[in-house]
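> Kindly generate the corresponding structure for this input.
(2 chains)
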Amino acid sequence: MATQKHTIVALVIDRPGVFNRIASLFRRRGFNMDSIAVGHSELPNISRVTIVVDGATTQVEQVRKQLEKNIDVVKVTDLTLRDTIIRELALIKVHANSTTRSEIIQIVDIFRAKIVDVSGDSLTVEVTGDTPKVDTLYKLLKVFGIKEVARTGCIAMTRGDNASI
Amino acid sequence: MKMTGSQILCESLIKEGVEVIFGILGGSILPLYDTLTQYPQLRHVLVRHEQAAAHAAAGYARVTGKLGVCFATSGPGATNLVTGIADAFLDSTPVVAVTGQVATPFIGKDAFQEIDIMGITLPITKHNYQITDAALVSQTVKEAFYVARSGRPGPILIDIPKDIQVDQAEFDYSARLVMPGYKPTLNGHPAQLKKAAKLISDAQKPVIIAGHGIIISEAYDELKEFAEKTQIPVISTLLGISSFPGSHVLSYGWLGMHGMAYANKAIDDADLVIAIGMRFDDRATGKVAGFAPRAKVIHIDIDPAEIGKNVRVDVPIVGDVKNVLKSMNKIIEPMIREERLRQLDELKSRHPLGVPEGDGKLLPQFVIRKIYEATRGEATVVTGVGQHQMWTAQYYTFDRHNTLVTSGGLGTMGFELPASVGAAVGRPDEAIWCIAGDGSFQMTMQELATVVQEKLNIKIAVMNNGYLGMVRQWQEMFYGKRYMATPLGCPDFVKLAEAYCIPALNVTRSEDVEPSIQKAMEHEGCFLLNFVVEPEENVYPMVPPGASLAEVMEIPRKEVLTWPRRSTL
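Now for the predicted structure:
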């Protein structure tokens, strides 16, 4: 299989402590989580959680079932084998001076990323894409010297008419 | 009508059919206890340590099939409940624990007796709630009770800050629960049932493994019909003991580390395992890779997360075992397996569970057998954890449904006396037999005071061998007989009992066992028997840690003492 990474989407009731419950479950059962992203869903009082799990080290079916056992969790779906749009956003602050600035801008253009801040010896790049794209841009910018990185973790949605979950 | 949060809680408990509460009060739960004076129909049993409140609630729940309720105050009261809640969690027992909490403005300020009991109990409860508004009390209780006893039962904690206990709100219990995230599956999928029926009719050497789920779901008749119709032997788990009559012709012992050798061998040899309401605990399966290596597995359980967790499953059926067995019984054909049952009889006679010869010594197995004979296999028996627990499970033949209350999952020493308190409150018309170990008993023996105060009819039989016996056995077998910290000083249990005005006897000789049991049974009320048994008696059969069920050791042999230590427990 091309990837061992599983993208799991859960709809959870927006209540105090619900993320504590999810985090506690992962710690206690020894599940490995690559990223977790949380935000509102289209439903009132329901948050959408996207978790990327490493299938090589974790029994993904158990993750799904154990999450579903939680009474604040309404629904869980593993999107891995479906036609899915996966995106994350990263902000990368990279060293830049008069000699490197234009080269960095060229790379950023190729990735259809954006320069969102410029200062004397740095550029801040905003990039959106799936994880390999963000990783690749990061790798290319690394040679200039990275000052800071912030990534959101993945969110995901299936293509086509049907809802993902 | 407006009521206080405490009144709403009490009214809600009454609506849920609660009759008894086990607990201890303290500062943060005083308003609730003050309110209990207005509700004499809620009997309060004062225990002497909060751990006992949770165990008693569990003991009560296990024998009645109702939900057990316990109360404790904030801080140490709440943390003392933790072991009892964890025990109920691992043994799927419906318990609702109500803890007082410091008043809302003090939460998060490290106030006196403030502790984050929500965070502490998060991984050991089915769910927990902190109530932040008196108007939410009734709905929370309703939801808590529903969750605790539906699906796979489990403990729930409700934390109520002191100010919420006195705040006023309307009491309304009619609101419907809206729980989009909680929908237990109750009926087995018909296609899966059909697949299972096919496997059952094709199997040559099938076995049933009956777990605690049978008892929780009260599927006794359905299990019996299923076994009799298919002529398949019933092997139980430790917690499944008393789900099927022990002297039934199809009863075939229990499996696992100290289960019957013939049962373990039958599973090893099986071509089909029908696991019903059980979860393939490591003490039951032995080495998982060597578990029933030739068998297909049908797994029936209400908790989908248990399916495929430890053992690969060929036909999973998620549902309430009572419903599933009912549907199954309708579609299976009656079978005849004379030859198979004859082979099983022979296997049993080749690997029997014999009562060892005492040679004049007082053996614990003999004592348990005598208690069995005196009570004709009909008593409600509660045990602690250790050797005495295993001997009870082996040598007491349970013929009556749901009569063994024991701590299986958590293995909580000290469970016996407080759980007996709950069982005695739940079954007031009979004597409860509390089989204790001298080590286990000393962990919670303060509850003798509760037994006396509540006039409970509990017959306590201490298997006193002067050691933390099960650990000593492991030291003997796997740690070169180095008895680090297992020799155990005991108080004079007879004098101790007398200090509580409980009559008691020391028993040191085999010939005194029967008369002493008779004396205990004839006495109305609590009686303690201190059986001074052979100190270094071991529990056999034994599947050594890390070994498969087929490698069960039946009798002590020389090589036993040099069995290599394995890295896994």
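> which residues sit in contact with residue B:11?
Contacts here follow Cβ atoms under 8 Å, 6 or more residues apart in numbering or on different chains; on that basis residue B:11 touches B:3, B:138, B:171, B:173. All C-beta spots, glycine's among them, are computed from the backbone N, C-alpha and C.
> Specify the next element, helix or strand, located C-terminal of the helix or strand where it lies.
Using DSSP states H and E, residue B:11 sits in helix B:5-15. Scanning forward in sequence from helix B:5-15 by DSSP H and E, the next helix or strand is strand B:20-23.
> Using PDB, write down the CA coordinates of that next one.
C-alpha atoms of strand B:20-23 as PDB (Å, rounded to 0.1, in the frame of the first residue of the first chain):
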ATOM      1  CA  VAL B  20     -30.100   1.800  48.900                       C
ATOM      2  CA  ILE B  21     -26.900   4.000  48.900                       C
ATOM      3  CA  PHE B  22     -23.500   2.900  50.200                       C
ATOM      4  CA  GLY B  23     -21.300   5.800  51.300                       C
END
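> neighbouring strands for that strand, and are they parallel or not?
Take DSSP bridges as the rule and strand B:20-23 pairs in its sheet with strand B:43-46 (parallel), strand B:68-72 (parallel).
> And for that strand, what's in contact with it?
B:13, B:36, B:42-47, B:50, B:52-54, B:56-57, B:60, B:68-72, B:421-422, B:425.
> among these, which ones are buried?
B:13, B:36, B:42, B:44-45, B:47, B:50, B:52-54, B:56-57, B:60, B:68-72, B:421-422, B:425 (16 or more other Cβ atoms under 10 Å in any protein chain shown).
> related to what we said a few turns ago, please identify, among the contacts of residue B:11, the one with the most neighbours.
residue B:138 (23 neighbours; other Cβ atoms under 10 Å in any protein chain shown).
> Tell me which helix or strand that one sits in.
Going by DSSP H and E, residue B:138 is in helix B:137-149.
> who's in contact with stretch B:132-151?
Contacts of stretch B:132-151 (Cβ under 8 Å, 6+ apart): A:71, B:4-5, B:8-9, B:11-13, B:15-16, B:67, B:94-96, B:104, B:126-127, B:129, B:131, B:154-156, B:158, B:160-161, B:164, B:167-173, B:175, B:177, B:179, B:182, B:184, B:302-303.
> Just the ones in strands from these, please.
Per DSSP state E, strands hold the following members of the contacts of stretch B:132-151: B:4, B:95, B:96, B:127, B:129, B:156, B:158, B:160, B:161, B:168, B:169, B:170.
> average pLDDT across stretch B:400-420?
Stretch B:400-420 shows a mean pLDDT of 98 in the predicted model.
> just to revisit the earlier point, tell me the one of the contacts of residue B:11 nearest chain A?
Comparing these against chain A with Cβ to the nearest Cβ places residue B:138 closest, at 18.0 Å.
> As a check, name the ranges of all strands in the stretch 251-400 of chain B.
B:251-254, B:272-276, B:296-301, B:315-318, B:380-383 (DSSP state E, counting those that start in this stretch).
> nearest to chain A, of the ones you listed?
strand B:315-318 (10.2 Å).
> Are the closest one and chain A in contact anywhere?
No. Applying Cβ under 8 Å from any Cβ of the partner chain, one finds strand B:315-318 separated from chain A by no less than 10.2 Å.
> residues in contact with that strand?
With Cβ under 8 Å, 6+ apart, strand B:315-318 has contacts from B:185, B:188-189, B:192-193, B:195-196, B:199, B:296-304, B:307-308, B:324.
> Restricting to the residues you listed, which residues neighbour chain A?
Within the contacts of strand B:315-318, those near chain A by Cβ under 8 Å from any Cβ are B:303, B:304, B:307, B:308.
> Give me the neighbour count for the last one.
By the criterion of other Cβ under 10 Å, residue B:308 has 17 neighbours.
> That one against residue B:275, yeah?
No. Using Cβ atoms under 8 Å, residue B:308 is not in contact with residue B:275, being 11.7 Å away.
> Now the one helix or strand residue B:209 maps to: average pLDDT?
Residue B:209 is located in strand B:206-210, with elements delineated by DSSP H and E. Averaged across strand B:206-210, pLDDT comes to 98.
> Okay, angle between that strand and strand B:296-301 too, please.
Strand B:206-210 and strand B:296-301 are oriented at 20 degrees to each other (axes from the mean of the first three to the mean of the last three Cα atoms, to 10 degrees).
> what helices or strands is strand B:206-210 leaning on?
helix B:220-230, strand B:234-236, helix B:261-269, strand B:272-276 (3 or more Cβ pairs under 8 Å, 6 or more residues apart in numbering or on different chains; DSSP states H and E).
> can you list the residues that contact the helix or strand that that strand is followed by?
Per DSSP H and E, strand B:206-210 leads on to helix B:212-216 as the next helix or strand towards the C-terminus. The contact list for helix B:212-216 (Cβ under 8 Å, 6+ apart) reads B:91-92, B:153, B:219-220, B:223, B:237, B:239-240, B:242-244, B:276-278, B:300-302, B:321, B:401-402, B:408.
> related to what we said a few turns ago, quick one: residues in contact with the strand holding residue B:209.
Counting by Cβ under 8 Å, 6+ apart, B:200, B:223, B:226-227, B:230, B:232-237, B:240, B:243-244, B:252, B:255, B:266-267, B:270-278, B:284 sit against strand B:206-210.
> Reformat the contacts of residue B:11 as CSV; add pLDDT.
Formatted as CSV, the contacts of residue B:11 follow (pLDDT from 0 to 100):
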residue, pLDDT
B:3, 98
B:138, 97
B:171, 96
B:173, 95
